[in-house]
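Peer 1: quick one, structure for this:
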Amino acid sequence: MNVLVIGAGAVGIGLATSMKSQNANVSIYARGETAKAIRENGIERCGLFAHYKFGKDDVDVYESYDDIPKDTFEYVFITSKTTANDDISQKLDQHRDILKENFRIIIFQNGFGNDEHYLRFFDKKEVFSARVITGFARPQRHISEVTVYTEPIQIGSLQNQDPNELQTIADMITASGIECELTDEVDKYLWAKMLYNCALNPLGAILDVTYGKLTENEYSMELMDKIIDEIFEVIKASEYETFWNNSEEYKSLFYSKLIPDTYNHYSSTHQDIQRKIKTEIDSFTGKVIELGEINNVDVSTNKIIYNLIKSIESDF
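Peer 2: The predicted model follows:
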């Protein structure tokens, strides 16, 4: 099996190492200092679960699509920031000769609707989405640390395609120590993560606190409640579905389990702000606002949070 991982951040290195541990041939598209670090040190996964380390000769690294060998890859894992999707989807289309005939693209990203970028160029049977709620960090450019585990990775299709053909991928990730499952309800899982990310990520970044600290302040809790309420109205108006009947049912789980399980975690949005790079706010809060405006739903709290993040980003 030949797998191309596009995006050498914490998730990308983590999944690349997972697949390599199960004897897949793994190549990574990376650039600059990250590409250099992988070429010099290989890749490594540490933290929770099994620890794997592969040397510099065990994985190929490419900085240009022109250098990637033709007719090679059965699977492409998209693990980049969502801000790169427009460029990646176009580059894959322009270099589709690197892909084997029955290739599949699997998107392991935050947010909802990321497949739309790829569906401009590829058939719906070729594009799948994954919900990743496992926490990954990158202590060094070539190392991924599994920091938090709450639920399995879920892989499915937002276009009603049968995910069973990806059973081998799910089994290999599971065998590496991170449980992975297939689902016909990936939309529900993605909306579950949207609720979690929208309520916690930007607010934690703005206030410079962990997820748990947000629950120790009545004002931040009121904001989170309003964000969640608005998203449930958007889900209802957009005719999507999630696992809870109403916002109160979700909030009961959110405050009793989801936040305590990740109490000391800083959001990816917080990490981006600290590094002064553009965040993925458009892929989650921005998507809520987009759907709210289409369906005439009040998303004013989400809009305020979105504008605050965009204000901070304006100096980057």
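Peer 1: and the next element down the chain from the helix or strand hosting A205?
Peer 2: Assigned by DSSP states H and E, A205 belongs to helix 186-207. Sequence order places helix 218-238 as the next helix or strand after helix 186-207, per DSSP H and E.
Peer 1: who touches that next one?
Peer 2: Outside helix 218-238, the residues that touch it by Cβ atoms under 8 Å, 6 or more residues apart in numbering are 191, 194-195, 198-200, 203, 207, 214-215, 241-242, 246-247, 250-251, 254, 288, 291-292, 294-302, 305. The way it works is simple: take the backbone N, C-alpha and C, and place the C-beta from them, glycine included.
Peer 1: got the angle between it and helix 186-207?
Peer 2: Going by axes from the mean of the first three to the mean of the last three Cα atoms, to 10 degrees, helix 218-238 is angled at 150 degrees with respect to helix 186-207.
Peer 1: circling back to that earlier point, restrict the helix holding A205 to CA atoms and write it as PDB.
Peer 2: The C-alpha trace of helix 186-207 is given here as PDB (Å, rounded to 0.1, in the frame of the first residue of the first chain):
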ATOM      1  CA  VAL A 186     -19.700  11.000   9.600                       C
ATOM      2  CA  ASP A 187     -21.800  14.100   9.200                       C
ATOM      3  CA  LYS A 188     -23.100  13.700  12.700                       C
ATOM      4  CA  TYR A 189     -19.600  13.100  14.100                       C
ATOM      5  CA  LEU A 190     -18.300  16.200  12.300                       C
ATOM      6  CA  TRP A 191     -21.100  18.300  13.700                       C
ATOM      7  CA  ALA A 192     -20.300  16.900  17.100                       C
ATOM      8  CA  LYS A 193     -16.700  18.100  16.700                       C
ATOM      9  CA  MET A 194     -18.000  21.400  15.300                       C
ATOM     10  CA  LEU A 195     -20.000  22.000  18.400                       C
ATOM     11  CA  TYR A 196     -16.900  21.200  20.500                       C
ATOM     12  CA  ASN A 197     -14.500  23.300  18.500                       C
ATOM     13  CA  CYS A 198     -16.700  26.300  18.000                       C
ATOM     14  CA  ALA A 199     -17.500  26.600  21.700                       C
ATOM     15  CA  LEU A 200     -13.900  26.100  22.900                       C
ATOM     16  CA  ASN A 201     -11.200  26.800  20.300                       C
ATOM     17  CA  PRO A 202     -11.600  30.500  19.500                       C
ATOM     18  CA  LEU A 203     -12.700  31.600  23.000                       C
ATOM     19  CA  GLY A 204      -9.800  29.700  24.600                       C
ATOM     20  CA  ALA A 205      -7.400  31.500  22.100                       C
ATOM     21  CA  ILE A 206      -8.900  34.900  22.800                       C
ATOM     22  CA  LEU A 207      -8.700  34.500  26.600                       C
END
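Peer 1: these two touch, right, Y118 and I107?
Peer 2: Yes: between Y118 and I107 a contact is recorded at 7.2 Å, counting by Cβ atoms under 8 Å.
Peer 1: buried residues in stretch 53-64?
Peer 2: Judged by neighbour count using 16 or more other Cβ atoms under 10 Å, the buried positions of stretch 53-64 are K53, F54, V59, D60, V61, Y62.
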